[in-house]
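Q: Here is the input, now give the coordinates:
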Amino acid sequence: MESDGDRLREAVAELYSADPAEFVERRGALAAQARAAGEASAAKSIAALRKPTRSAWVVNQLIRSDPGVTAELGGLGDELRAAQGSMDGAAIRELSVRRRQLIAELSRRAFAVSGLPSPPAALRDEVNATLGAALADPQVAEQLAAGALERPAHADGFGPAGPAGPPVLTVVPSPGARRAQARPQAATRAGGARRVTAQERAEAAAQARAEAAAREQAERAERRRAALADAEQAVAEADQAAAAAATAELDLESSVRRLEEELADARQGLTNARLAARRARNRQRQARQARDRLQGTPG
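A: Residues are numbered from 1 along each chain as shown. Presented below is the predicted three-dimensional model:
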């Protein structure tokens, strides 16, 4: 005998694999089958399943055709988070290129398995944003793994930010340099004070160079950290803007379709009304003609 859990899993697999246009009708049929089998709990759960958006359905088709996709996204996401944590600029740049390439390739495969080789821009943007969110957030990747996504996902930036700033480099003067700094600068007229040796002058110069190099290194690290933070913020803002634009476009497309349907209904109603009016005028004319004939007939 099939359990409630088995029936629900089978229903999820069927509904989120089929075309969204068939979702509502098929969901009702599966819920009715569960109720007829005496599985009220499964029937209630099936009836509560939400119809996926077109972009979520495309991602579901990709995951169901290749379950290893979530591992690809998760692996690269872990590498990027590690590079961010260590502030490794070269690794971040290389991994960011791989991120763009992976999302583009997975998006192409998703539309191919969904039978949509030339999708509209808004749909492509939502699929790309969802794949990017799965790469940035392990929780989103876990949701994708089920192949039953209902809505597109979006991520604000990529994972946690790196450390607040570079470590402060403190240069400890060498004993020779400390002696040079503490040494009197003037010799007594009697000539009893020791003169500055060439070695001490070299140590002092080396110390000055080390301090200057340390300051420059700290400044470079700070500039790199600030540039990386600005870049991540720009990516996050661009992702948000693209997602908002895609959502607005889809909403407007839905509104346009609804208005077009209403206009078509109104035009059909106008056509029917004109036909009815023409028939009424014909009957009116015939009735008057009949009346006039009767009035003209001798009594």
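Q: any idea how far Asn282 lies from Ala146?
A: Distance, Asn282 to Ala146, using CB to CB, to the nearest Å: 65 Å. (C-beta placed from N, C-alpha, C; glycine too.)
Q: who's more crowded, the two?
A: Between Asn282 and Ala146, counted using other CB atoms under 10 Å, the more crowded position is Ala146 (15 against 10).
Q: low-confidence ranges in the chain?
A: The chain contains residues with pLDDT under 70 at 1-4, 156-196, 221-222, 225-230, 232-248, 250-251, 254, 299.
Q: quick one, domains of it?
A: Annotated domains of the chain cover 4-51, 55-145 [automatic domain parsing].
Q: distance between the first one and the chain's centre?
A: Remark: domain 4-51 is offset 28 Å from the chain centroid, using CA atoms, centre = their mean, to the nearest Å.
Q: Could you do stretch 67-82 as well?
A: 15 Å.
Q: Quickly find the element holding Gln295.
A: In the assignment (DSSP states H and E), Gln295 maps to helix 198-296.
Q: next one: Val59
A: Going by DSSP H and E, Val59 is in helix 54-65.
Q: packing partners for that helix?
A: helix 69-85, helix 89-113, helix 121-136, helix 138-145 (3 or more CB pairs under 8 Å, 6 or more residues apart in numbering; DSSP states H and E).
Q: need these in JSON lines with distance to Arg274 and mean neighbour count, can you?
A: Formatted as JSON lines, the helices and strands packed on helix 54-65 follow (distance: least, CB to CB, whole Å; neighbours: other CB atoms under 10 Å):
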{"stretch": "helix 69-85", "distance to Arg274": "57", "mean neighbour count": "18"}
{"stretch": "helix 89-113", "distance to Arg274": "46", "mean neighbour count": "16"}
{"stretch": "helix 121-136", "distance to Arg274": "39", "mean neighbour count": "23"}
{"stretch": "helix 138-145", "distance to Arg274": "54", "mean neighbour count": "18"}
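Q: For Leu275, find the nearest of those.
A: helix 121-136 (40.9 Å; CB to CB).
Q: Direction-wise, compare that closest one with helix 54-65 and give the angle.
A: Here the directions of helix 121-136 and helix 54-65 differ by 50 degrees (axes from the mean of the first three to the mean of the last three CA atoms, to 10 degrees).
Q: Measure how helix 121-136 sits relative to helix 89-113, angle-wise.
A: 130 degrees.
Q: helices and strands around helix 121-136, which ones?
A: Packed next to helix 121-136, using 3+ CB pairs under 8 Å, 6+ apart, are helix 54-65, helix 69-85, helix 89-113, helix 138-145, helix 198-296.
Q: Mind listing what's buried along the first one?
A: Read it as helix 54-65. 54-64 (16 or more other CB atoms under 10 Å).
Q: Among those, which one sits closest to Ala273?
A: Nearest to Ala273 among the buried residues of helix 54-65, counting by CB to CB, is Arg54 at 37.2 Å.
Q: Return the residues in contact with the closest one.
A: 20, 123 (CB atoms under 8 Å, 6 or more residues apart in numbering).
Q: what do you get for the one 4 residues further on?
A: By CB under 8 Å, 6+ apart, the residues touching Val58 are 110-111, 114, 116, 119, 123, 127.
Q: can you put the helices and strands packed on helix 121-136 in CSV and add distance to Ala153?
A: Output for these, formatted as CSV (distance: least, CB to CB, whole Å):
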stretch, distance to Ala153
helix 54-65, 9
helix 69-85, 12
helix 89-113, 13
helix 138-145, 5
helix 198-296, 9
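Q: quick one: which of those helices is nearest Leu15?
A: Of these, nearest to Leu15 by CB to CB is helix 54-65, at 9.9 Å.
Q: So what angle separates the directions of the helix holding Val59 and helix 69-85?
A: Using the same axes, to 10 degrees, helix 54-65 lies at 100 degrees relative to helix 69-85.
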